[in-house]
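Enquirer: sequence plus predicted model, see below.
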Protein chains: 2
Amino acid sequence: MLTIQQKRVLDFIRAFIHRHGHSPSLREIGEGIDIQSRGAVHRHVQTLIGRGVLKRTRSGWRTLELVETDEASSSLPLLGKIAAGRPIEAIPGHDEVNIAEMLLGEERYVLQIEGDSMIDAGILDGDLVVIQHTDTANDGEIVVALIDNQEATLKRLFHLSGRRIKLVAENHKLSPLIYPADRVRIQGVLTGQLRSYR
Amino acid sequence: MLTIQQKRVLDFIRAFIHRHGHSPSLREIGEGIDIQSRGAVHRHVQTLIGRGVLKRTRSGWRTLELVETDEASSSLPLLGKIAAGRPIEAIPGHDEVNIAEMLLGEERYVLQIEGDSMIDAGILDGDLVVIQHTDTANDGEIVVALIDNQEATLKRLFHLSGRRIKLVAENHKLSPLIYPADRVRIQGVLTGQLRSYR
DNA sequence: CTTGAAAGTTCTCAAAAAGTTCACTATCCT
DNA sequence: AGGATAGTGAACTTTTTGAGAACTTTCAAG
């Protein structure tokens, strides 16, 4: 396990290589994470090499390389934020996302979406959604609702006065539906969504 | 069983690691659960280590780790398809999705999306996208493109005649941009997208 | 091939941050 | 009363870190 500074160094190197195509110098690392002493940076780098997450391909300048750690873990490096018109911007303190940890949980299951009824919420036809099993939900949450014990739908939920429930499809072409509360049973709440391309 | 305080300590550590990616210091634990004395926190931590729910990977700072009781796999049950107006329909032959397997891969990394430029493709502000590192892409694919070695953007790519490249933001309010091919460098291709609610 | 700047390496010193131990005290429960 | 649980604060040890200086190696221009 790395210390915080070691992580910062590794993080910086990863981002630098990704951006410039080559390894940074010790001085550049120092500037990037605000350390004056090249010696201190060197010690961090040596430690990282010792831990096996970095290597120097040969002696020389700018020869640091990341060791591809293809652990069978559920993590991917998180390089930063992307927005039109600016370079990728690092997110301090976060260098990894654990996908499994984000989406997995007790009493959860996956459904595949058919149709465009949630398209305005960024949920497209064919997407997978992760549902947390529960029979209660707060206003504004997206739920799996069973109507008359027959139709299951994924809709945004609102409680109205007079024990009525409004179910809103996130598609501007579709109108909200209002039911008496006893015709609607909540089966779960949306906790995640994922999509796979090509 | 654990006492109430021990449980609070454990819960705090779990949440902290989940949030920061590394273990908290004793002082931080103390601040988190409102104990002034590092000594008292230390005693709790030692007890938890004794009970086997925590461990210290090595001597040093911030080296606490949770002992994982139930091995978290990366799968969730796939119950079926959901569409408005019909019961949940089972998908024959599929009863499980392995989330890690879907999204992980060699040379992939994650970016967080900032802004609404891909909203029509179902990619919202704050979403995470999984990028496969590559310097080539096919027409119609969504890519991370670096323009003039400066601006990084996520756009849909099309090759035009005359060594020009069209980058299309998936937002009906934004117009496509056309560049000569030598100003655009492809850094990766979109392979996945995920979002976490509440 | 020489030369000098840039980069990497090695070292000592000091300080800050974190972990450990301990004596004393307080509260709750039986 | 007595034990379990808990908190405080001080003293102490260990680990991590940065600064800076001196040294060696690399690389390319001339």
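Expert: That came through fine. From a predicted model like this one, the values you see are computed outputs, not experimental measurements. Residues are numbered from 1 along each chain as shown, chains lettered A, B, ... in the order given.

Enquirer: drop to CA atoms for contacts and neighbour counts, all remaining ones
Expert: OK.

Enquirer: distance check, the residue of chain A most remote from its centre against DNA strand D.
Expert: The C-alpha centroid of chain A is most remote from residue A:162, which lies 39.0 Å away (C-alpha atoms, centre = their mean). Going from residue A:162 to DNA strand D by C-alpha to the nearest atom of the strand, to the nearest Å gives 46 Å.

Enquirer: per-residue confidence at that residue?
Expert: pLDDT, residue A:162: 89.

Enquirer: dump the residue contacts of it.
Expert: Counting by C-alpha atoms under 8 Å, 6 or more residues apart in numbering or on different chains, residue A:162 touches no other residue.

Enquirer: please tell me how far it sits from residue A:182.
Expert: According to C-alpha to C-alpha, to the nearest Å, residue A:162 stands 11 Å off from residue A:182.

Enquirer: same check, this time on residue A:146
Expert: 11 Å.

Enquirer: for the two, indicate the residue with more neighbours.
Expert: residue A:146 (21 against 11; other C-alpha atoms under 10 Å in any protein chain shown).

Enquirer: which residues touch that one?
Expert: A:152-153, A:184-187 are the contacts of residue A:146 under C-alpha under 8 Å, 6+ apart.

Enquirer: swap in residue A:106?
Expert: residue A:132.

Enquirer: the lengthiest helix in chain A near DNA strand C anywhere?
Expert: Longest helix of chain A, by residue count under DSSP state H: helix A:4-20. No - applying C-alpha under 7 Å from any atom of the strand, one finds helix A:4-20 out of contact with DNA strand C, separated by at least 8.9 Å.

Enquirer: need the residues that contact that helix.
Expert: So helix A:4-20 is in contact with A:22-24, A:29, A:32-33, A:44-45, A:47-48, A:66, A:79, A:90, A:93, A:95, B:22, going by C-alpha under 8 Å, 6+ apart.

Enquirer: for chain A, where's the lowest mean pLDDT among helices and strands?
Expert: strand A:96-98 (a mean of 77; mean pLDDT, DSSP states H and E).

Enquirer: now find how far off-centre that one is within its chain.
Expert: 7 Å (C-alpha atoms, centre = their mean, to the nearest Å).

Enquirer: pull up the pairing partners for it, direction included.
Expert: The strands beside strand A:96-98 in its sheet (DSSP bridges) come out as strand A:75-82 (antiparallel).

Enquirer: what's the partner strand in contact with?
Expert: A:15, A:88-91, A:94-100, B:104, B:108-114, B:152-154.

Enquirer: CA atoms of it as CSV?
Expert: Provided in CSV are the C-alpha atoms of strand A:75-82 (Å, rounded to 0.1, in the frame of the first residue of the first chain):
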residue,chain,number,x,y,z
SER,A,75,-10.6,-0.9,-10.7
LEU,A,76,-9.6,1.4,-13.5
PRO,A,77,-7.4,4.4,-13.3
LEU,A,78,-9.3,7.7,-13.0
LEU,A,79,-7.4,10.2,-15.0
GLY,A,80,-9.6,13.2,-14.5
LYS,A,81,-12.4,15.3,-15.9
ILE,A,82,-12.9,16.0,-19.5
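
Enquirer: returning to what we had before: contacts with DNA strand D among the contacts of residue A:146, please.
Expert: Of the contacts of residue A:146, not one also sits near DNA strand D (C-alpha under 7 Å from any atom of the strand).

Enquirer: ok so, going back, hang on, the residue farthest from the centre of chain A is in a helix, isn't it?
Expert: No - in this structure, residue A:162 is coil, not part of a helix, as judged by DSSP: H, G, I helix; E, B strand; the rest coil.

Enquirer: if we can go back for a sec, got the buried residues for the longest helix of chain A?
Expert: Applying a neighbour-count criterion of 16 or more other C-alpha atoms under 10 Å in any protein chain shown, one finds A:6-17, A:19 buried in helix A:4-20.

Enquirer: a markdown table for those residues, including pLDDT?
Expert: Below are the buried residues of helix A:4-20 laid out as a markdown table (pLDDT from 0 to 100):
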| residue | pLDDT |
| --- | --- |
| A:6 | 92 |
| A:7 | 88 |
| A:8 | 90 |
| A:9 | 93 |
| A:10 | 91 |
| A:11 | 87 |
| A:12 | 90 |
| A:13 | 92 |
| A:14 | 88 |
| A:15 | 85 |
| A:16 | 89 |
| A:17 | 88 |
| A:19 | 78 |
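
Enquirer: would you show me how to pick out the buried ones of the contacts of strand A:75-82 in PyMOL?
Expert: The buried residues among the contacts of strand A:75-82 can be selected in PyMOL (16+ other C-alpha under 10 Å) with this line:
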select buried, (chain A and resi 15+88+90+94+95+96+97+98+99+100) or (chain B and resi 104+108+109+110+111+112+113+114+152+153+154)
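
Enquirer: select from the contacts of strand A:75-82 every entry located in strands.
Expert: A:96-98, B:108-113, B:152-154 (DSSP state E).

Enquirer: tell me the one of those residues nearest DNA strand D?
Expert: Comparing the ones in strands among the contacts of strand A:75-82 against DNA strand D with C-alpha to the nearest atom of the strand picks out residue A:96 as the nearest, at 17.9 Å.

Enquirer: tell me who's in contact with the closest one.
Expert: So residue A:96 contacts A:75-79, B:21 (C-alpha under 8 Å, 6+ apart).

Enquirer: just put those residues in TSV and tack on neighbour count and distance to DNA strand D.
Expert: Formatted as TSV, the contacts of residue A:96 follow (neighbours: other C-alpha atoms under 10 Å in any protein chain shown; distance: C-alpha to the nearest atom of the strand, whole Å):
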residue	neighbour count	distance to DNA strand D
A:75	21	22
A:76	24	22
A:77	18	20
A:78	23	20
A:79	24	21
B:21	17	14
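
Enquirer: which two from the residues you listed end up farthest apart in space?
Expert: A:79 and B:21 (14.7 Å; C-alpha to C-alpha).

Enquirer: can you list the domains in chain A?
Expert: A:4-100, A:105-194 (automatic domain parsing).

Enquirer: quick one: end-to-end distance for the last one.
Expert: Between the start and the finish of domain A:105-194 there is a gap of 15 Å, counting by C-alpha to C-alpha.
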